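Trainee: please find the sequence and the predicted model below.
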Amino acid sequence: MTAKDEQHSTFTSTTGGVMTDEAGAITGELELTTHHEDGCLHARIRYAEAAEWYTVSGSPMPEESETSHEHIAEHLKTPGPVVSGNEEAVSLGNLQES
C-alpha cells in the first residue's frame, strides 16, 4: 500500500507497547504509517523493517477529530496506564483523552 498522503515515522515503544487488532501488543523498534481514506485517518504499525503491517487498535479515526500523524505518533510513545504494577499497551481508543 502506498498512498500520496501516507506519512511514516519510527520510534521505540514504551514497556507496554502498542495494541494492534491482529497481533495484540507489540513492543520494540516500531514503524508507524498513517493515510487518509474515506474521511478517516488510518494508522498501521509494524516491527521496524518487517513486512507485515498491523492495524493500531482504535483506527481508523474520523478526520474531523483533528488528529494528525504527529499527534498519533506522540500518543503511541506515551506510556500507558499502570495496572497492578504493569504498564498497559496504548491504543487510539483513548487518544482524545491525552
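Mentor: Received the coordinates, thanks.

Trainee: other residues contacting the helix or strand of the chain with the lowest mean pLDDT?
Mentor: The least trusted helix or strand in the chain, going by mean pLDDT, DSSP states H and E, turns out to be strand 61-62, with a mean of 88. By CB atoms under 8 Å, 6 or more residues apart in numbering, the residues outside strand 61-62 that reach it are G39, C40, L41, A43, T67, I72, L92, L95. For every residue, glycine as well, the C-beta is placed using N, CA and C.

Trainee: could you rerun that using 10 Å?
Mentor: With CB atoms under 10 Å, 6 or more residues apart in numbering as the test, strand 61-62 has contacts from 34, 39-43, 67, 71-72, 92-93, 95-96.

Trainee: strands of the chain, start to end?
Mentor: 7-12, 18-20, 24-26, 29-37, 40-47, 54-55, 61-62, 82-83, 86-87 (DSSP state E).

Trainee: tell me which of those strands lies nearest to L76.
Mentor: The closest of the strands of the chain to L76 is strand 18-20. By CB to CB, the value is 5.2 Å.

Trainee: what pLDDT does the residue at the greatest distance from the centre of the chain get?
Mentor: Each residue of the chain has a distance to the centre, and by CA atoms, centre = their mean the biggest one is for S84: 23.8 Å. What the model reports as pLDDT for S84 is 96.
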